[in-house]
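J.: Just the structure for this:
(2 chains)
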Amino acid sequence: MRTIEFREALREALTEEMRRDEKVFLMGEEVAEYNGAYKVSKGMLAEFGAKRVIDTPIAELGFAGIGVGAAMNGLRPVIEFMTFNFSLVAIDQVINSAAKMMSMSGGQFSCPIVFRGPTASAGMLSSQHSQAFENWYANCPGLKVVVPSNPADAKGLLKSAIRDDDPVIFMESEQMYGDKGEVPEGEYLIPIGVADIRKEGTDVTVVSFGKIFKVATAAVKELEKEGVNAELIDLRSVRPIDYDTIINSVKKTNRLVIVEEAWPLASISADIAFHVQKKAFDHLDAPVTRVNSADVPLPYAPTLIEPALPNVARIVKAIKEVMYASA
Amino acid sequence: MEKTATKAKSGKAEKTDFPKETYLWWYEQMLLMRRFEEKAGQLYIQQKIRGFCHLYIGQEAIAAGGESAIRKTDRIITAYRDHAHPIVRGMHPKYVMAELFAKATGCSKGKGGSMHMFSKEFNFFGGHGIVGGQVPLGAGIAFADKYNNNDNVTLCLMGDGAVRQGALHEAFNMAMLWKLPVIYIIENNNYAMGTSVERTSNVHDLYKLGSAYEMPSFQVDGMRCETVHEAVAEAAVRARKGGGPTLLEIKTYRYRGHSMSDPGTYRSKEEVEEYKKLDPIEQVLATLKKNKWIDDKGVENMEAKIKALVEESVKFAEESPFPTPDELYKDVYAQKDYPYITE
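T.: Residues are numbered from 1 along each chain as shown, chains lettered A, B, ... in the order given. You can find the predicted model right below:
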């Protein structure tokens, strides 16, 4: 199978959907003439023209709202945030407009819109540019939240997100855009809300999603050397969450570690832990454990980032903890 | 900047160019809004209507004069003072009353309430509850019409409080940059809840805000349907021709409080009485009478017709069922089988 970059997979999804449906357009900062801050939309202005690939001023609240209005009136906007850190100035339109439109209009106005861009840390960018907001958006009914971890999923999930009749938050990572992976040729869709068991195993279940899934994978591989056979689940979306896949896995392995880049409080890991204790209490041989970012704003210095983010060592330690294995 | 002259456009017109039918329509529509809302106010006190309830009384000429200046295929979006707009668009008032009663037959199925009236059928894109939030939405609705190459225009209404929100400035900038067919109407009733325009900024003539974006901007007498209609009609012509947005600061007055729970301590009774002398319904009625287009009997008949319509609306709302509990998990997603978390 051919191998392409994550950003190319996204571009293919966008391009194919824009060719397929005239109502789809891309709007955001630097998406057109600059070819995208992270080159996701490279070449798209040339193909689709300025009507459908639209540069905006730096005004996230304004263009997020324009996107929602356009979706109410029949279009299918893809709104790019240069990062989800900047989506916070637009969050009123995401939460109060996009997520509420169906409900408060009694089902009259749907809002088929995709808000996409990178989330979480991306190198030494300090606290305002390093935040993982997946759980913030996942908390809000009316939205769907997709967080792919690899190029093939990114393409299939973005195509589904664009065709979805509900508002979808689609969260990428600056640190994934250059990742290469096998991506099938041609048209395919991956349904939103279905987790992927990336590796079957028997000893412990490891659940993760998005960029940090790579780190979880590395930890699982590390432990394979020690004979630990972990089952590795990629959630792919955090609203909805495929609880059944997690619970079925835990019933088999009896142990669970969740790896997530967001802060610990009110996180996806906390939510999964609740569901697992509720549905698989008698199957658990150890308390559910998680690896999140440290409960602090992410600082600049590498010596402070290192102990703050989930890393292989911390994940290995967590897995050993639930297996009551010595470190 | 001069080419987008922000000249004030106010004061009384010398004579009328509008036919009898238009005056009668304005009269009927405004009387309906007024009597409907007077009734809604009473029903709120009786706790038949709950939640917040923001009445439009005093501002009717903007809905009536705006609607008469546009087409049914055009779009309207506004804030939470939104009972009048679906009615003036043509919806039977009983669906608005049922919504106020939180009934399943309401225009938003009892899920929106006073602040969230919607009607896709009548191109009413809703009442929105976050001050200024509808301003980018209005630009987006217009964006879609321009994208689709039709000549629809969008009327996006807001109160004077909304002009101090950042969302408005971002939306104005892009609407003007992209020449979107949107007509922004500030319903300036001089009070953002209890805070007067003068207390919120050094800029008291709100139409001047448009000049920062070179948006054609005008001040309009909002107590008269004629001036509202003329200003909106002119803006609609510009928008349909690709000339982009217009900002209309329409000076009006609300007789009632910001909401039903407003003590009104921020303004004098005398001030309210002064504005009532400019009552838009009385002004239209005076023109109708002066031209002998209506007589006392005609007024009586109109009042009776409106009264019956409002009573019918209340009866419909009273007799309608509340939404059944199974409605809770409907209309949140377009996806019919969304897996809600239920424990």
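
J.: could you pull out the strands for chain A?
T.: For chain A, the strands defined by DSSP state E cover A:3-5, A:24-28, A:53-55, A:76-80, A:114-118, A:144-146, A:168-172, A:180-182, A:196-199, A:204-208, A:230-234, A:237-239, A:256-259, A:289-291.

J.: Which positions in the first one come out as buried?
T.: Residues of strand A:3-5 classed as buried under the neighbour-count rule (16 or more other CB atoms under 10 Å in any protein chain shown) are A:4-5. In this view, the C-beta of every residue, glycine as well, is placed from N, C-alpha and C.

J.: and that strand, what does it pack onto?
T.: With contacts taken as 3 or more CB pairs under 8 Å, 6 or more residues apart in numbering or on different chains; DSSP states H and E, strand A:3-5 sits against strand A:180-182.

J.: Could I get the full set of helices for chain B?
T.: B:20-45, B:60-68, B:84-89, B:93-100, B:134-147, B:166-177, B:225-240, B:269-276, B:280-290, B:296-319 (DSSP state H).

J.: Which of these comes out lowest on mean pLDDT?
T.: Of all the helices of chain B, the minimum mean pLDDT falls on helix B:269-276 (a mean of 89).

J.: How about residues contacting that one?
T.: Under the contact criterion CB atoms under 8 Å, 6 or more residues apart in numbering or on different chains, helix B:269-276 has outside partners B:58, B:223, B:253, B:255, B:264.

J.: Spatially, which two of those are the most separated?
T.: For these, with distances taken as CB to CB, the pair at the greatest spread is B:223 and B:264 (19.6 Å).

J.: Those two: who's more crowded?
T.: Using other CB atoms under 10 Å in any protein chain shown, the more surrounded residue of residue B:223 and residue B:264 is residue B:223, with 25 against 13.

J.: Backbone dihedrals for the more buried one, please?
T.: Backbone torsions of residue B:223, given as degrees, to the nearest 10, read phi -100, psi 0.

J.: got the contact list for it?
T.: Neighbour list for residue B:223: B:61, B:251-253, B:275, B:278-280, B:283 [criterion: CB under 8 Å, 6+ apart].

J.: one more time with 6 Å, if that's ok
T.: Residues counted as contacts of residue B:223 (CB atoms under 6 Å, 6 or more residues apart in numbering or on different chains) are B:61, B:278, B:280.

J.: swap in residue B:172?
T.: Residues in contact with residue B:172 (CB under 6 Å, 6+ apart) are residue B:213.

J.: How many residues are close by residue B:151?
T.: By other CB under 10 Å, the residues close to residue B:151 number 15.

J.: With residue A:266 instead?
T.: Residue A:266 has 12 neighbouring residues, counting by other CB under 10 Å.

J.: ditto for residue B:206
T.: For residue B:206, the neighbour count with other CB under 10 Å is 23.

J.: How about the contacts made by it?
T.: By CB under 6 Å, 6+ apart, the contact set of residue B:206 is B:163, B:186, B:188, B:249.

J.: Check those against chain A and report the nearest one.
T.: For the contacts of residue B:206, the residue nearest chain A by CB to the nearest CB is residue B:163; the value is 14.5 Å.

J.: quick revisit: export the contacts of helix B:269-276 as CSV, with columns for pLDDT.
T.: As requested, these are exported to CSV (pLDDT from 0 to 100):
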residue, pLDDT
B:58, 94
B:223, 96
B:253, 91
B:255, 90
B:264, 85
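
J.: Tell me how far the residue nearest to residue A:172 when sequence neighbours are not counted lies from chain B.
T.: Excluding its sequence neighbours, the residue lying closest to residue A:172 (CB to CB, 6 or more residues apart in numbering or on different chains) is residue A:118, at 4.8 Å. Distance, residue A:118 to chain B, by CB to the nearest CB, to the nearest Å: 22 Å.

J.: do residue A:197 as well
T.: 18 Å.

J.: tally of neighbours for residue 299?
T.: Picked chain A for this. Using other CB under 10 Å, residue A:299 has 15 other residues around it.

J.: Sorry, I should have been clearer: chain B.
T.: Per other CB under 10 Å, the neighbour tally for residue B:299 reads 15.

J.: Please apply the same query to residue B:39.
T.: Close neighbours of residue B:39, defined as other CB under 10 Å, add up to 20.

J.: ok, it - contacts?
T.: Shown in contact with residue B:39 (CB under 6 Å, 6+ apart): residue B:310.

J.: hmm, 8 Å instead?
T.: With CB under 8 Å, 6+ apart, residue B:39 has these contacts: B:97, B:310, B:313-314.

J.: what's the farthest-apart pair in the residues you listed?
T.: Greatest spacing in those, by CB to CB: B:97 and B:310 (8.0 Å).

J.: Pick out whichever of the two has more residues nearby.
T.: Using other CB under 10 Å, the more surrounded residue of residue B:97 and residue B:310 is residue B:97, with 30 against 22.

J.: thought the more buried one was touching residue B:35?
T.: No - Residue B:97 is not in contact with residue B:35 according to CB atoms under 8 Å; the separation is 11.7 Å.

J.: Rounded mean pLDDT for stretch A:168-175, please.
T.: Per-residue pLDDT values over stretch A:168-175 give a mean of 97.

J.: hey, C-alpha coordinates of that stretch in PDB?
T.: Once non-C-alpha atoms are left out, stretch A:168-175 reads as follows in PDB (Å, rounded to 0.1, in the frame of the first residue of the first chain):
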ATOM      1  CA  VAL A 168     -18.100  17.800  14.200                       C
ATOM      2  CA  ILE A 169     -15.000  19.000  16.000                       C
ATOM      3  CA  PHE A 170     -12.000  17.300  14.200                       C
ATOM      4  CA  MET A 171      -8.800  17.500  16.200                       C
ATOM      5  CA  GLU A 172      -5.400  17.000  14.600                       C
ATOM      6  CA  SER A 173      -1.800  17.700  15.800                       C
ATOM      7  CA  GLU A 174       1.000  19.900  14.500                       C
ATOM      8  CA  GLN A 175       3.200  16.900  15.500                       C
END
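
J.: what's the distance between stretch A:25-45 and the middle of its chain?
T.: Stretch A:25-45 has its C-alpha centroid displaced from the chain centroid by 20 Å (CA atoms, centre = their mean, to the nearest Å).

J.: actually stretch A:19-28, sorry about that
T.: Centroid separation between stretch A:19-28 and its chain, computed with CA atoms, centre = their mean, is 21 Å.

J.: Check stretch B:327-340 too.
T.: From the chain centre to the centre of stretch B:327-340 is a distance of 31 Å (CA atoms, centre = their mean).

J.: what's the first-to-last distance across that stretch?
T.: 13 Å (CA to CA, to the nearest Å).

J.: what's it in contact with?
T.: A:102-103, A:105-107, A:110, A:112, A:141-142, A:144, A:164-166, A:193, A:240, B:104, B:109-111.

J.: cutoff 7 Å now
T.: Residues from elsewhere that reach stretch B:327-340 (CB atoms under 7 Å, 6 or more residues apart in numbering or on different chains): A:102-103, A:106-107, A:110, A:141-142, A:165-166, A:193, A:240, B:109, B:111.

J.: What is the most widely separated pair among those?
T.: Maximum pairwise distance in the contacts of stretch B:327-340, criterion CB to CB, is 25.8 Å, between A:193 and B:109.

J.: For residue B:181, give me phi and psi.
T.: Note on residue B:181: backbone dihedrals following degrees, to the nearest 10 are phi -80, psi 70.

J.: residues near it, how many?
T.: By the criterion of other CB under 10 Å, residue B:181 has 29 neighbours.

J.: residue in the stretch 151-300 of chain B nearest to chain A?
T.: Residue nearest to chain A within the stretch 151-300 of chain B: residue B:170 (2.7 Å; CB to the nearest CB).

J.: if we can go back for a sec, make a ChimeraX selection of whichever of the contacts of residue B:223 turn out to be buried.
T.: The following ChimeraX line selects those of those that are buried, judged by 16+ other CB under 10 Å:
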select /B:61,278,280
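
J.: do you know how far residue B:277 is from residue B:253?
T.: Distance, residue B:277 to residue B:253, using CB to CB, to the nearest Å: 11 Å.

J.: In terms of neighbours, single out the busier of the two.
T.: Each of residue B:277 and residue B:253 has its neighbours counted (other CB under 10 Å); residue B:253 has more, 23 against 9.
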